[in-house]
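Trainee: Just a sequence and a predicted model for now, questions to come.
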Amino acid sequence: DAGVIQSPRHEVTEMGQEVTLRCKPISGHDYLFWYRQTMMRGLELLIYFNNNVPIDDSGMPEDRFSAKMPNASFSTLKIQPSEPRDSAVYFCASSRGFWGNQPQHFGDGTRLSIL
Amino acid sequence: GQQLNQSPQSMFIQEGEDVSMNCTSSSIFNTWLWYKQDPGEGPVLLIALYKAGELTSNGRLTAQFGITRKDSFLNISASIPSDVGIYFCAGQGRNSGYALNFGKGTSLLVTP
């Protein structure tokens, strides 16, 4: 079975540019999560969706970040305009439910570098 | 979200040695999870714990849900080179809004 698929795997862009990260969750999973990983702060939850509806976006750092899930098989995380401090690895994860007994499956991440 | 205190931050051991790492929180969790992350990949679930005092094994890995519900540990017995990676604990509970909160990870290096 295909796991969570993220694209691109790597992104290098200049400050001020718009960045779009993409995620395809595992088929049948109704929860989708976006995380950011940095050395200083570790893994942080940015936002999560249930049945394509955003449930909690309190982890989104600021208005420059936005996320959408237009259908059950696709989600995007957009940063506009991007800044060097946004450099991190961004993970998407999906699960069949929300509780720990329905574990989250992670993609391989997008390594984002903002110059 | 609430930050978990995970220790040690890193470990450098010889193949065959046993490893122990732990996580603590100031708040109660209903679920403790342990993940492993290999370089260039996303975290993969190793063990999930749902009940205070629960002790669960997965091959050479053993994890326990602390009685106070504020801590958990992970042991790896007879380590092998492929155990290299970063191990994360994660807790889920009311105080975190039931979202997963991750520790900062324990980086494990195993020499042959």
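Mentor: Done, it's in.

Trainee: tell me the contacts of residue 12?
Mentor: If you meant another chain, say so; for now it's chain A. The contact partners of residue A:12, by C-beta atoms under 8 Å, 6 or more residues apart in numbering or on different chains, come to A:113, A:115. Placement of C-beta: from N, CA and C, glycine included.

Trainee: wait, I meant chain B there
Mentor: Contacts for residue B:12 (C-beta under 8 Å, 6+ apart) come out as B:109, B:111.

Trainee: ok, the residue of chain A most remote from its centre - contacts?
Mentor: Ranking residues of chain A by C-alpha distance from their mean position (C-alpha atoms, centre = their mean) puts residue A:101 at the top, at 21.6 Å. By C-beta under 8 Å, 6+ apart, the residues touching residue A:101 are B:31, B:48, B:50.

Trainee: I would like the residues contacting the helix or strand of chain B with the lowest mean pLDDT, please.
Mentor: Least confident helix or strand of chain B, by mean pLDDT, DSSP states H and E, is strand B:101-102 with a mean of 90. By C-beta under 8 Å, 6+ apart, the surrounding residues in contact with strand B:101-102 are A:42-45, B:1-4, B:25, B:35, B:88-92.

Trainee: Now, the residues you listed that are in strands?
Mentor: When the contacts of strand B:101-102 are checked against strands (DSSP state E), the matches are A:42, A:43, A:44, A:45, B:35, B:88, B:89, B:90, B:91, B:92.

Trainee: can you put these in CSV and add distance to residue B:77 and pLDDT?
Mentor: What follows is these, written out as CSV (distance: C-beta to C-beta, whole Å; pLDDT from 0 to 100):
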residue, distance to residue B:77, pLDDT
A:42, 26, 88
A:43, 26, 91
A:44, 32, 91
A:45, 32, 92
B:35, 19, 96
B:88, 20, 96
B:89, 18, 96
B:90, 22, 93
B:91, 24, 91
B:92, 26, 87
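
Trainee: quick check, nearest of the residues you listed to residue A:58?
Mentor: Using C-beta to C-beta, residue A:45 is the member of those that lies nearest residue A:58, at 8.7 Å.

Trainee: Leaving out sequence neighbours, find the closest residue to the closest one.
Mentor: residue A:59 (4.7 Å; C-beta to C-beta, 6 or more residues apart in numbering or on different chains).

Trainee: Could you look up the SS state of that neighbour?
Mentor: coil (DSSP: H, G, I helix; E, B strand; the rest coil).

Trainee: Verify the contact between it and residue A:41 for me.
Mentor: No. Residue A:59 is beyond contact range of residue A:41, at 10.8 Å (criterion: C-beta atoms under 8 Å).

Trainee: Can you pick out the residue with more neighbours from the two?
Mentor: More crowded of residue A:59 and residue A:41, by other C-beta atoms under 10 Å in any protein chain shown: residue A:59, with 17 against 12.

Trainee: Might you report the residue contacts of residue 103?
Mentor: In the absence of a named chain, chain A is used. By C-beta under 8 Å, 6+ apart, residue A:103 lies in contact with A:95, B:33, B:45, B:48.

Trainee: My question was about chain B, not that one.
Mentor: A:42, B:3, B:4, B:5, B:6, B:23, B:88, B:89, B:90.

Trainee: beta partners for the fifth one?
Mentor: Pointing back at residue B:6 there. Beta-bridge partners for residue B:6, by DSSP bridges, are residue B:23.

Trainee: Right, I'll leave it there.
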